[in-house]
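[1] Task: produce atomic coordinates for the following.
(chains A and B)
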Amino acid sequence: MRTSRFRALLALLTTLATIGLFAPGASAQDTSDVFVVHGIPGVTVDVYVDGDLTLEGFEPEAIAGPLSLPAADYRIQIFAASDDAPASAEDRTDDAVIDVTPAVPGGANLSVVAHLDADGAPTLGAFVNDLDTIDAGEGRVTVRHTAAAPAVDIVAGGAAVDGLTGLANGGEAVVALPADAYPTGLAAAGTTEVLVDAPITIAEGTNLVVYAIGDLAGGSFTLITQSFDGLHSAPAQVNAGTSGLLDPAGPSSVPALVTAGVLGVAVVAGTARASFVRR
Amino acid sequence: MTSPASTAAPFRVLSPPARAGRWWSGRRPVRSVLAATLLAAGCSSLPADEVSGGGSTAGVIDVGRSEGGDLRAQDEVSDGEPVDGSAPPALDGAVDPGGWSVPDVPIQTAASLDDLVVPDRPAPVGLRVVSVGIDAAVTEVGIRPDGDLEVPAEAEIGWYRFGPEPGGPGSSVVAAHVDYNGRPGAFFPLRDTVVGDVVEVDRADGSTLQFEVVSVARHGKDELPPDLWRRDGAPQLVLITCGGPFDSRVRSYEDNVVVVAVPIG
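    Here you go, the predicted structure:
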């Protein structure tokens, strides 16, 4: 594995402080949680922030984050990795693959993906991750087409999966499905012949994000994933009695009265729990 | 057509912090800055409606391609279009140099689809509360089409398989009928449980876990404490059935009887 070397860190941090990255006092809605996904196979990169070498050797298929970032502008330059990257972008003899001065928005959960466009050129895509809670028993699957490949449908059992069709480069589709394993695959949009097997296991309460990356014609096409768990919710109800054997004169009627009194005390004490009394 | 991806696809799940920072252990500032960097690079193209959530198309920064087809220079793309409501802070350096710190940002290799298989857990197969006469087999249950918890027929107890296993971190839930088709269910005696009673859970591997009851309560069916469904934190075992007044029109009790127990030892 390539050894990572870092330079000009102090200068960089000073710069970031100056431009407000770590400015104190930003309110919660002004920040975004951000993940960075390297989705360009075979290309390790060096990254400069406002001219300073920040990271050397960010490798393909790596995911960084989350980072809580206040909204701000930054100049970002990304180069193909150099064996001896200069500390300043001004001293690079090659040209940046990507050179942008974007604004980071606030109030979102984002995955930013360096990937290939439909023609195989490097680009950056930003996606909002859906972290809303999910109905009990289900998971969410998010499919992001970030590969140099034609538009696709997700198919299973010879048919397209509702909501996961017509995905083209730069696009995404999101659906909720019962938690289970699915024998899914990728097919050219409008067809059902599986070109790439992609069986997925959807965990309950989890948003599984699948990125298609690489170049299909060039042989570097692959699928990588990112998961967001903890999105579960409670079952609607627990219905576990159908016969009424306890009512009206069953054993529960006595505790019901006792419970009412205990419950009142318990609420005052700050808890909603009540104790039954053994008969 | 056979795709190379079907064999090459290395699917690795973004894992918990335990796997984080493999590359850059101990170099937090750099990691953080990198993330900031790439993040910023991607965000200029975010339409406002995506920033507010619910967007369905990725923003893209057009960097073009060099003539040679390799990763070469592009003209600077600096649309930098601020997204609505995200005006950048002032750049006048109003920062206390000693006041900021760099958060720890994990970096890890992305995950593979093959790693998405749900890990095997020690499933419960039997449950007893000797003091009240509960003794029944345990089966796995999920969610009914109407969103309610599945509850097995009268003779069995259901373990909610989407939550933790008994003894695992978080709140493990088992449920059974108090009555069913006119007969007492496996949890008919549950309401008689008292604090201090022992609950035994047999597991598929032949081992037995012991729990001690710490609370017995009744809640409206729409008022179950959220704590019963947590997926992490201190282990507890929750036993649920029905109780309270019976509504004969809908053949249903109005309340749930909820027993909470914690591991012994």
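[2] What about the closest residue in space to residue A:33 that isn't next to it in sequence, how many residues nearby?
    Of all residues not flanking residue A:33 in the chain, residue A:66 sits nearest, at 4.3 Å (C-beta to C-beta, 6 or more residues apart in numbering or on different chains). For the C-beta atoms, the positions are set from N, CA and C on the backbone; glycine is no exception. Residues lying near residue A:66 (other C-beta atoms under 10 Å in any protein chain shown) number 21.
[3] now the one 4 residues further on
    Burial of residue A:70, expressed as a neighbour count using other C-beta under 10 Å, amounts to 21.
[4] Surely it touches residue A:33?
    No: in this structure, residue A:70 is not within contact of residue A:33 by C-beta atoms under 8 Å, at 11.6 Å.
[5] hmm, back to that, is it true that the residue nearest to residue A:33 touches residue A:31?
    No: using C-beta under 8 Å, residue A:66 is not in contact with residue A:31; the gap is 10.6 Å.
[6] re earlier: per-residue pLDDT of the residue nearest to residue A:33, please?
    Looking at residue A:66, its pLDDT stands at 80.
[7] Per-residue confidence at the closest residue to residue B:220 other than its chain neighbours, what does it come out as?
    Closest residue to residue B:220 apart from its sequence neighbours, by C-beta to C-beta, 6+ apart: residue B:255 at 5.8 Å. On the pLDDT scale, residue B:255 is placed at 95.
[8] check contacts around residue B:255.
    Listed by C-beta atoms under 8 Å, 6 or more residues apart in numbering or on different chains, the contact set of residue B:255 reads B:218-221, B:242-245.
[9] and the residues you listed as CSV, adding neighbour count?
    As requested, those are arranged in CSV below (neighbours: other C-beta atoms under 10 Å in any protein chain shown):
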residue, neighbour count
B:218, 26
B:219, 21
B:220, 11
B:221, 18
B:242, 33
B:243, 29
B:244, 23
B:245, 16
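[10] which of those residues lies closest to chain A?
    Chain A has its nearest neighbour among the contacts of residue B:255 in residue B:242, at 3.2 Å by C-beta to the nearest C-beta.
[11] which element follows the one helix or strand that closest one maps to toward the C-terminus?
    Using DSSP states H and E, residue B:242 maps to strand B:236-247. Downstream of strand B:236-247, the first helix or strand assigned by DSSP H and E is strand B:252-263.
[12] Please point out which parts of that following strand sit buried.
    Buried residues in strand B:252-263, counted by 16 or more other C-beta atoms under 10 Å in any protein chain shown: B:252-261, B:263.
[13] Count the residues that sit near residue A:215.
    Residues within reach of residue A:215, counting by other C-beta under 10 Å, total 19.
[14] Who are the contact partners of it?
    Going by C-beta under 8 Å, 6+ apart, residue A:215 touches A:41, A:116, A:120, A:147-149, A:221.
[15] Looking at neighbours, which among the residues you listed is most surrounded?
    Result: residue A:147 is most packed of the contacts of residue A:215 (other C-beta under 10 Å), 28 neighbours.
[16] in what helix or strand does the residue lying closest to it once chain neighbours are set aside lie?
    With sequence-adjacent residues excluded and distances taken as C-beta to C-beta, 6+ apart, residue A:147 is closest to residue A:212, at 4.2 Å. Using DSSP H and E, residue A:212 falls within strand A:207-215.
[17] Might you quantify the distance of that strand from its chain's geometric centre?
    Centroid displacement of strand A:207-215 relative to its chain, using C-alpha atoms, centre = their mean, to the nearest Å, is 10 Å.
[18] Which SSE is immediately downstream of it?
    strand A:222-228.
[19] how's the chain carved up into domains?
    Defaulting to chain A. The record assigns chain A these domain ranges, following automatic domain parsing: A:1-128, A:133-238, A:241-279.
[20] I was after chain B.
    Taken from automatic domain parsing, chain B resolves into B:1-117, B:124-263.
[21] Now the weakest link among those, please, by mean pLDDT.
    Out of these, domain B:1-117 stands lowest, with a mean of 36 (criterion: mean pLDDT).
[22] what stretches of chain A score poorly on pLDDT?
    For chain A, applying pLDDT under 70 flags the ranges A:1-29, A:49, A:74, A:102, A:247-279.
[23] Just the helices from it, written as ranges.
    With DSSP state H, the ranges of helices along chain A come out as A:9-19, A:253-268.
[24] mind checking how far the spatially closest residue to residue B:224 that is not a sequence neighbour is from residue A:199?
    Nearest residue to residue B:224, sequence neighbours excluded (C-beta to C-beta, 6+ apart): residue B:256, at 6.2 Å. Distance, residue B:256 to residue A:199, by C-beta to C-beta, to the nearest Å: 38 Å.
[25] Could you export the longest strand along chain A as CSV, CA atoms only?
    With secondary structure taken from DSSP state E, chain A has its longest strand at strand A:138-148. Only the C-alpha atoms of strand A:138-148 are listed here, as CSV (Å, rounded to 0.1, in the frame of the first residue of the first chain):
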residue,chain,number,x,y,z
GLU,A,138,-37.9,-2.6,6.3
GLY,A,139,-34.6,-1.3,5.1
ARG,A,140,-33.8,1.4,2.5
VAL,A,141,-31.6,0.8,-0.5
THR,A,142,-30.1,3.7,-2.4
VAL,A,143,-28.5,3.0,-5.8
ARG,A,144,-26.1,5.6,-7.2
HIS,A,145,-24.9,5.3,-10.8
THR,A,146,-21.4,6.8,-10.7
ALA,A,147,-19.8,4.7,-13.4
ALA,A,148,-18.9,5.1,-17.0
